[in-house]
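A.B. asks: A structural model of the following input is requested.
(one chain, ligands or ions: 1)
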Amino acid sequence: MKNLVATSLFAVCAIMPVFAVQGSDLPTPSLKELAKQSGIYVGAAMEARHLKEPEFAKVFASQFNQLTPENEMKWSYIHPERNRFDFAKADELVAFAEQHNMAVKGHALVWHIQNPEWLTNQDWTAPELEKVLERHIKTVVGHYKGKVKYWDVVNESFNENGSYRETLWYQVLGERYLELAFKFAHQADPDAILFYNDYSNEGMGPKSNAIYRKVKGMVDEGIPIHGVGFQLHLMGEHSIGEATVARNIQRLQDLGLKVHFTEVDVRIRDDAKQFSVDAQARLFSRLMDFAIYYPSVDMYTTWGVTDKYSWIPSWFPGYGRGLMFDKDYKPKKAFDAVYSSLLAASQGEFAYQPPVGEHADTRIVQAFVAKPLTQSRLNDQEVIYYPFAYNQLGGQNLAVPESHNLSGKWAVGYHDNKLIGRVYRQDDKTFTNKTFDYENDNVEVFLQSGEAYWQIRSVVGEDFAANSFPGKTKGVWSADGKVFDFEIEFTSLKSLTGETIGFNIALSDNDEPEADASVMLSCILYLATTPVGKVNSSVSYL
Ligand code: 9MR
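C.D. replies: Alright, predicted model coming up:
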C-alpha cells in the first residue's frame, strides 16, 4: 500500500467523485495533483503534431504530469540515416514536458518495428550490430541526459509462449542484446531509470514467466534494469485476472523492480452499449487501484489522451473509444472512475485489496470471447485464438517445467446449439499408450450448465472418451497430433444464443515414459474461465 493512506476497513461505501468543475469539464484538483498524493505519475503518450492543437495541450498539461513520445523517439524518426540523428520532433515534446514540469519516458531504444531501412535491409555481423546499437543508444540517451528520466530500453522481446521473438536483434546478437542495451543506456546516463516493456505480460503466463526469468537473471547479474512495463492495451469486454496480475506485480516488486503501466487503453466498439462503457471504466480504475496499492507501481500512462487521436481504430476498425477523453476532449466515465480511485486514496478511504490466497493462486480466471460462426464448422478467420496461459499444477510457479516443451492456442465459437472449437498444440514428446487416459497426452474440456458440470477428455489421436455429457461430443485430431477439432452439441437446446455456459480447456502433458499416476508429471495449461458466463448473439463471456 502506498505512502499516506492506510487501508480503511470502514471505507467500503461507494465513493462518488466530488469535484469542482471549471469552465471546461476538467476537475479540481486535477488528476495529476491527486495522483501525486498517491506517489503516482499519471501520464499519456503524445505526438509532436498535437502540440499545435491548443485543446490537446491544455488538457494534457492540466491533467497529466508525465509524457511519453508516442513515435518520435523510435529509430525511424530519430535515427533516419546511419550517420544522421534527427531530434527535432522529440525535442519539441521534451520542451513541452519541461515547460509543464512533467517527467518524460523515452520510448523505445530497441524494438523490432518502426526501424529505418538502413538498419533492417543490411546483413550485419554481431560485432557490427553491437556497435550500431551502442552508438544509437548512447547518442539518444546522451542527448536527453538529465531531461528524460525514464526509458523503455527494450520493447516486446518475447512471444506469447515465452520464446524469444525472432527480431533482427535476436537473430544477430542473441538474447544478450537485452543486457547490452541496458548497459549502454546506463553508461550514457547513470541516473536514468530503465525499463523492459511488453504487452500481454500483466498476468501470470508463459510470456510474463519468461520476462520474469530474464529480468531476474539481469538483476542477479547486476545489469542496470529498474523496472518492467505492462503496456495494457485491453479490451473492454475482457476482465483482467486480478489475482494473477497481483501475483505478477508482487514477484517483480520482490525483485526490487518498479512496475509501470505504460500504454493503457481499453477498446470498446463504437456502438458499444452502457455495459461496455461501464466495463471500460472499471478496468481503467482497477488499474489505478493496483497503482495505488502497490508501492512499486508509480507510473500510469495512457496511450493517447483523446479518442480523436488513437492508434486503435487503424488497427481495430470500429473500436474508436479506448481513451479517457472523448473526441471533444470531454472526460468520460473512465476518467471519472480513475479520478474516484485517486480521490478515495487522497481522503484515506481507499479500500481495494487485490485478491490473493490459495484459490487465487491456483486458478487463473480470465474472460474470453466465443464468437458466433456463420457455418457449422470452425473458420479461423471468425474466431479469436488464445494461448494456453499457465501451468495449472505449478503451485507458486505456474511456468511450464523446462522439461516440457509444450505450447498451444485454442479458440471456440458457436453455431446453432453447438460449441465448435479448435486447439493447435506443439509438444516434443507425445505419449498415448498408457493404461489410463489421464496418464496420456490429452485435451480436456470442462463444461458447466446451471448446476451441472462435465469433464470430457480426448487423448491425442482419439475421439473424446465416453463421458456423462448429455449431448453429443466429437473430437478429431490431425494425423500429426498438432490440431484438434471438436464439437460439443447441446442436444436439448435449439440455439446457444442467450445461454449461460461455463467453459474451460486444458492441454495435459506427460513426458515420463514409465510413469504411473502417482509420479505422472502432468502439465495442464489453460486459460481458465469464470465458472459461469453468458453467450449472447455477438459475444460470450464464458
Ligand atoms: O501508437 C503508435 C502508432 O502511432 C504507430 O503507428 C505504431 C507503429 O507500430 O506504434 C504505436 O505504438 C505502439 C508502441 O510503440 C508499442 N506498443 C504498442 C503500441 C500500439 O501499437
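
A.B. asks: doesn't residue 277 fall inside a helix?
C.D. replies: Yes: assignment of residue 277 by DSSP: H, G, I helix; E, B strand; the rest coil places it within a helix.

A.B. asks: and it, how many neighbours?
C.D. replies: A count of nearby residues for residue 277, using other Cβ atoms under 10 Å, gives 16. Just so you know, the C-beta spots here come from the backbone N, C-alpha and C atoms, and that holds for glycine as well.

A.B. asks: same check on residue 436?
C.D. replies: For residue 436, the neighbour count with other Cβ under 10 Å is 10.

A.B. asks: try residue 295
C.D. replies: When neighbours are counted by other Cβ under 10 Å, residue 295 registers 14.

A.B. asks: the ligand versus that one, what's the distance?
C.D. replies: Distance, residue 295 to the ligand, using Cβ to the nearest ligand atom, to the nearest Å: 26 Å.

A.B. asks: so that residue: helix, strand or coil?
C.D. replies: Reduced to three states by three-state DSSP, residue 295 is coil.

A.B. asks: pull up the per-residue confidence for it.
C.D. replies: Looking at residue 295, its pLDDT reads 96.

A.B. asks: and for residue 433?
C.D. replies: pLDDT for residue 433: 84.

A.B. asks: list the contacts of it.
C.D. replies: residue 440 (Cβ atoms under 8 Å, 6 or more residues apart in numbering).

A.B. asks: nearest to the ligand: which residue in the chain?
C.D. replies: Closest to the ligand within the chain is residue 311: 3.4 Å, counting by Cβ to the nearest ligand atom.

A.B. asks: that residue: neighbouring residues, count only.
C.D. replies: Using other Cβ under 10 Å, residue 311 has 16 other residues around it.

A.B. asks: just use 414 as the starting number from now, easier for me
C.D. replies: Got it, first residue is 414 now, which makes that one residue 724.

A.B. asks: how about it: what's its closest non-neighbour residue?
C.D. replies: In space, and not counting its chain neighbours, residue 724 is closest to residue 716: 6.8 Å by Cβ to Cβ, 6 or more residues apart in numbering.

A.B. asks: so that neighbour is in contact with residue 674, correct?
C.D. replies: No: the criterion here is Cβ atoms under 8 Å, and residue 716 misses it with residue 674 at 10.3 Å.

A.B. asks: of those two, which one has the most company?
C.D. replies: Legend: neighbour count by other Cβ under 10 Å for residue 716 and residue 674, higher for residue 674 (24 against 21).

A.B. asks: what's near enough to touch that one?
C.D. replies: Counting by Cβ under 8 Å, 6+ apart, residue 674 touches 642-643, 645, 700, 703-704, 710, 712-714.

A.B. asks: what does residue 611 give?
C.D. replies: By Cβ under 8 Å, 6+ apart, the contact set of residue 611 is 568-571, 620, 624, 641-644.

A.B. asks: which parts of the stretch 464-613 of the chain sit against the ligand?
C.D. replies: Proximity of the stretch 464-613 of the chain to the ligand, by Cβ under 6 Å from any ligand atom, involves residues 483-484, 526-527, 568.

A.B. asks: which among those residues end up buried?
C.D. replies: Among those, those scoring as buried are 483-484, 568 (criterion: 16 or more other Cβ atoms under 10 Å).

A.B. asks: which of the residues you listed fall within strands?
C.D. replies: Using DSSP state E, residue 568 are the members of those that sit in strands.

A.B. asks: of the buried ones among the residues of the stretch 464-613 of the chain next to the ligand, which is the nearest to residue 589?
C.D. replies: Distance to residue 589 across these (Cβ to Cβ) is lowest for residue 568, with 16.9 Å.

A.B. asks: do you know how far that closest one is from residue 905?
C.D. replies: In this view, residue 568 and residue 905 are 50 Å apart by Cβ to Cβ, to the nearest Å.

A.B. asks: residue 520 too?
C.D. replies: From residue 520 to residue 905 the distance is 54 Å (Cβ to Cβ).

A.B. asks: swap in residue 569?
C.D. replies: 46 Å.

A.B. asks: higher neighbour count, the two?
C.D. replies: Higher neighbour count among residue 569 and residue 905: residue 569, with 20 against 9, using other Cβ under 10 Å.

A.B. asks: okay, and the beta partners of residue 677?
C.D. replies: Counting by DSSP bridges, residue 677 forms beta bridges with residue 715.

A.B. asks: run through the residues that contact it.
C.D. replies: Counting by Cβ under 8 Å, 6+ apart, residue 677 touches 644-647, 697, 700, 713-716.

A.B. asks: give the buried subset of the residues you listed as a ChimeraX selection command.
C.D. replies: Buried members of the contacts of residue 677, defined by 16+ other Cβ under 10 Å, are picked up in ChimeraX with:
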select :644,645,646,647,697,700,713,714,715,716
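
A.B. asks: which ones among the contacts of residue 677 come in contact with the ligand?
C.D. replies: The subset of the contacts of residue 677 within reach of the ligand, by Cβ under 6 Å from any ligand atom, is residue 644.

A.B. asks: now, which of the contacts of residue 677 lie within strands?
C.D. replies: Reading strands off these with DSSP E, I get 646-647, 713-715.

A.B. asks: circling back: residue 733 versus the residue of the chain closest to the ligand, what's the distance?
C.D. replies: The value you get for residue 724 to residue 733, if Cβ to Cβ is used, is 11 Å.

A.B. asks: ditto for residue 701
C.D. replies: 23 Å.

A.B. asks: so where's this structure uncertain?
C.D. replies: For the chain, the stretches with pLDDT under 70 are 414-437, 650, 652, 769-781, 806-811, 863-864, 911, 913, 927-955.

A.B. asks: run a quick neighbour tally on residue 470.
C.D. replies: Quick note: residue 470 (other Cβ under 10 Å) scores 17 neighbours.

A.B. asks: whoops, I mixed them up, residue 885
C.D. replies: By other Cβ under 10 Å, the residues close to residue 885 number 13.

A.B. asks: these two touch, right, it and residue 904?
C.D. replies: Yes: if you go by Cβ under 8 Å, residue 885 and residue 904 touch, sitting 6.1 Å apart.

A.B. asks: okay, how far is it across stretch 888-899, tip to tip?
C.D. replies: Start-to-end span of stretch 888-899 (Cα to Cα, to the nearest Å) is 4 Å.

A.B. asks: pretty sure residue 458 is in a strand, no?
C.D. replies: Yes: applying three-state DSSP, one finds residue 458 inside a strand.

A.B. asks: so what pairs up with it in the strands?
C.D. replies: residue 481.

A.B. asks: where's it relative to residue 483, distance?
C.D. replies: The gap separating residue 458 from residue 483 is 4 Å, by Cβ to Cβ.

A.B. asks: residues in the stretch 664-813 of the chain within reach of the ligand, list them.
C.D. replies: Applying Cβ under 6 Å from any ligand atom, we find that the stretch 664-813 of the chain lies next to the ligand at 676, 724.

A.B. asks: repeat that with 8 Å
C.D. replies: With the criterion set to Cβ under 8 Å from any ligand atom, the stretch 664-813 of the chain comes near the ligand through 676, 716-717, 723-724, 727-728.

A.B. asks: quick check: the farthest pair among those residues?
C.D. replies: 676 and 727 (15.2 Å).

A.B. asks: between the two, which is the more surrounded one?
C.D. replies: Neighbours per residue (other Cβ under 10 Å) separate residue 676 from residue 727, with residue 676 holding more: 24 against 8.

A.B. asks: contacting residues for the more buried one?
C.D. replies: With contacts defined as Cβ under 8 Å, 6+ apart, the neighbours of residue 676 are 458, 481, 612, 642, 644-646, 714-716.

A.B. asks: again, only this time at 10 Å
C.D. replies: Residue 676 makes contact with 457-458, 481, 483, 520, 565, 568, 610, 612, 642-646, 714-717, 724, according to Cβ atoms under 10 Å, 6 or more residues apart in numbering.

A.B. asks: contact partners for the nearest residue to residue 495 once chain neighbours are set aside?
C.D. replies: Excluding its sequence neighbours, the residue lying closest to residue 495 (Cβ to Cβ, 6+ apart) is residue 531, at 4.9 Å. Residues in contact with residue 531, defined by Cβ under 10 Å, 6+ apart, are 488-489, 492-497, 545.
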